[in-house]
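1. From the sequence below, what's the structure:
(chains A and B)
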There are 2 protein chains.
Amino acid sequence: MNANDFADRLTATAAETEALLERLLDGAALPGETARPGRLLDAMRHGALGGGKKLRPFLVAESAALFGVARAGALLAGCALELLHCYSLVHDDLPAMDNDDLRRGKPTVHKAFDEATAILAGDALLTLAFDIMAREAVHADAQVRIALVGALARASGIGGMAGGQMLDLAAEGRFEVKRALSESEIVTLQAMKTGALIRFACDAGAILGQADTPARASIARYGAAIGQAFQIADDLLDVEGDSAALGKAAGKDVTAGKATLVAILGVKGARAKLDQLIAEADAALAPFGAKADTLRATARFIAERRN
Amino acid sequence: MNANDFADRLTATAAETEALLERLLDGAALPGETARPGRLLDAMRHGALGGGKKLRPFLVAESAALFGVARAGALLAGCALELLHCYSLVHDDLPAMDNDDLRRGKPTVHKAFDEATAILAGDALLTLAFDIMAREAVHADAQVRIALVGALARASGIGGMAGGQMLDLAAEGRFEVKRALSESEIVTLQAMKTGALIRFACDAGAILGQADTPARASIARYGAAIGQAFQIADDLLDVEGDSAALGKAAGKDVTAGKATLVAILGVKGARAKLDQLIAEADAALAPFGAKADTLRATARFIAERRN
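-> Numbering: from 1, shown residues only, chains lettered A, B, ... in the order given. Below you'll find the predicted structure:
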């Protein structure tokens, strides 16, 4: 698959996901809901719509496609994951956390609204993610949906994404004297903070497809490799990218003395590590043959992206 | 059931719930978790352990008992709900929200730790609630567990608890000029902010017990009545209670000019409304006969509690 075909495919799934998110975030109260307060809905929409590559939903859809899963259910599961990812961005941007004013070229939610609304919007996005993942339209089999809910919670809670953000704040020296993290500490932090959701995205396709154990293990290897690759590419972008293309401030991590593999291995060493991870991702996909070409292209896209 | 027997029963379930929460919040990483960072775990434990009447888990257990549900699963579902309730307290106490320093007689999480840690602890408690509700130990049937997850998400998201908190902040005049809420606006706000989780607690027993439609509707009527009663009793306590018994500042709502039914109906009118709601709760339980005596006693306890 060449880069143009891949870009078209990514863009198409992003558009489908955006349209679906638009419907999921409309103003109509659902059964069991009393009402959807407008200000909170607006803030959730600000945090979740109108931007982003929708890489995680794309991974769910493409991983699911390997196992012949109906696309509609995979896209809905992808939306649940995207909402959860967006909650984490809304909360990470808060003044008490990373204190960012700009996200995807727009004011962050607490800037466009206020802090209390941003906290609640994040909470409600997180909650809506589980609401959606539990819906029958994701998959007819309740066993599949409950497995998705359990895996998503595990990936995003104290032992995954939220815990990773905690480690990241600690690494900045907020709670005790700052010390340099070792390479393995950085790998753990990143495996939690950003890796866990990317691994879940890949795993979700295998869960939806009720894949057998060897296939699920192969997808897990792929997810682990691209999850780590994603973060290294992100850290390289912070060093080499420009703010306009990124839609956020470049060089911020370096200025903050943030613990990254780029800081430890250098740009050249980090690029070599990235190449090695992409080779690992390719190797993990060997059992699936040509069916996995889009996932192979995704790995390359992650390594080479410029924003 | 006399008041002493009821108090013993409530205390016993609270102790069982506390012991179970203690185990759920230990330091061991579970399958799918990388590690549980100590500071985040400590903050979650601070927010979830060592206090509270555990009224919501009690309602889950007693509602489930009506339908002959095994107690262990109901207690675990109750723990999931309690963790979700505790997340809402941690976030509501934040400086950007209600800015409370004291909760259950202890410093709030952001006071004992810091704001970023409190935001993350709330996020991780919310996420852990769904993790736990998805576990097989809650109920062997995945259909039952996914129904619980869906109903819990609906009760606590934009159309329920989180939306109710948004309405409450708006009612304080934070976002536009403050105006007096009507009685029906207050009822809606409270049905979302505090009612939704209490209704869910009751409904959860019926879901666990795979109750038929009429029985589930009866429990829903009971839940709606005690949910509203709970908030009126809370508002009466703010007017009549003392800070030492409450473990938080009394009179705070009055000082803040908070919209409550007590402010609209007066203390006497609010007491009459409370009596009417308890009668409604009793009537809803009629089909269950003597089996529902503990739930009847719970309604009275809610109306008469002093802290």
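2. Report the secondary structure state of the residue in the stretch 1-150 of chain A that chain B sits nearest to.
-> Relative to chain B, the nearest point of the stretch 1-150 of chain A is residue A:33 (2.3 Å; C-beta to the nearest C-beta). Where you see a C-beta, it was placed from the backbone N, CA and C, and this is true even at glycine. Using DSSP: H, G, I helix; E, B strand; the rest coil, the structure places residue A:33 in coil.
3. thinking residue A:200 is in contact with residue A:152, fair?
-> Yes. Judged on C-beta atoms under 8 Å, residue A:200 makes contact with residue A:152 at a distance of 5.9 Å.
4. So for the two, which sits in the more crowded spot?
-> Between residue A:200 and residue A:152, residue A:152 has the larger neighbour count (other C-beta atoms under 10 Å in any protein chain shown), namely 30 against 27.
5. now that one, what's its secondary structure?
-> Under three-state DSSP, the three-state class of residue A:152 is helix.
6. Relative to residue B:154, how far out is the residue of the stretch 1-150 of chain A closest to chain B?
-> Relative to residue B:154, residue A:33 is positioned 6 Å away (C-beta to C-beta, to the nearest Å).
7. any residues in contact with both of the two?
-> Both residue A:33 and residue B:154 are contacted by residue B:160, under the criterion C-beta atoms under 8 Å, 6 or more residues apart in numbering or on different chains.
8. What is the burial count for the closest residue to chain B within the stretch 101-250 of chain A?
-> Chain B sits closest to residue A:159 of the stretch 101-250 of chain A, with a gap of 2.3 Å, by C-beta to the nearest C-beta. For residue A:159, the neighbour count with other C-beta under 10 Å is 29.
9. Looking at it now. What's its pLDDT?
-> According to the prediction, residue A:159 has pLDDT 98.
10. near chain B, which residues of the stretch 201-307 of chain A show up?
-> With C-beta under 8 Å from any C-beta of the partner chain as the criterion, the stretch 201-307 of chain A does not meet chain B at any residue.
11. Give me the three-state assignment for residue A:62.
-> With three-state DSSP as the basis, residue A:62 sits in helix.
12. which residue packs closest to it, ignoring adjacent ones?
-> Counting by C-beta to C-beta, 6 or more residues apart in numbering or on different chains, residue A:294 is the residue found nearest to residue A:62 once chain neighbours are left out, at 4.9 Å.
13. Near residue A:174, how many other residues are there?
-> 13.
14. Show the backbone phi and psi for it.
-> Torsion angles at residue A:174 (phi, psi; degrees, to the nearest 10) stand at phi -70, psi -30.
15. quick one, what contacts it?
-> By C-beta under 8 Å, 6+ apart, the contact set of residue A:174 is B:114, B:116.
16. one step back: tell me, how many residues neighbour the residue nearest to residue A:62?
-> Number of residues near residue A:294 (other C-beta under 10 Å) recorded here: 21.
17. now what about the strand or helix carrying it, what contacts it?
-> In the assignment (DSSP states H and E), residue A:294 maps to helix A:293-304. Residues outside helix A:293-304 that contact it (C-beta under 8 Å, 6+ apart): A:1, A:3, A:5-6, A:9-10, A:55, A:58-59, A:62-63, A:65-66, A:222, A:225-226, A:229-230, A:233, A:274-275, A:277-278, A:281-282, A:285, A:288.
18. Pull out the buried members of these.
-> Among those, those scoring as buried are A:6, A:9-10, A:55, A:58-59, A:62-63, A:65-66, A:222, A:225-226, A:229-230, A:233, A:274, A:277-278, A:281-282, A:285, A:288 (criterion: 16 or more other C-beta atoms under 10 Å in any protein chain shown).
19. State which helix of chain A is the longest.
-> Looking across chain A with DSSP state H, the single longest helix is helix A:213-240.
20. hmm, who's touching whichever strand or helix holds residue A:279?
-> For residue A:279, the host element (DSSP H and E) is helix A:261-284. With contact meaning C-beta under 8 Å, 6+ apart, helix A:261-284 is reached by A:183, A:186-187, A:190, A:218-219, A:221-222, A:225-226, A:228-229, A:231-233, A:235-236, A:238-240, A:254, A:295-296, A:299-300, A:302-303.
21. For that helix, buried residues please.
-> Across helix A:261-284, burial judged by 16+ other C-beta under 10 Å covers A:261-263, A:265, A:270-271, A:273-274, A:277-278, A:280-282, A:284.
22. follow-up on the earlier one: please enumerate the shared neighbours of residue A:200 and residue A:152.
-> By C-beta under 8 Å, 6+ apart, residue A:200 and residue A:152 have these common neighbours: residue A:81.
23. Is chain B within reach of stretch A:115-135?
-> Yes. Between stretch A:115-135 and chain B, judged by C-beta under 8 Å from any C-beta, the touching residues are A:115-117, A:119-120, A:122-124, A:126-128, A:130-131, A:133-135.
24. Tell me which helix or strand the residue of the stretch 101-250 of chain A closest to chain B sits in.
-> Here residue A:159 is covered by no helix or strand, with elements defined by DSSP H and E.
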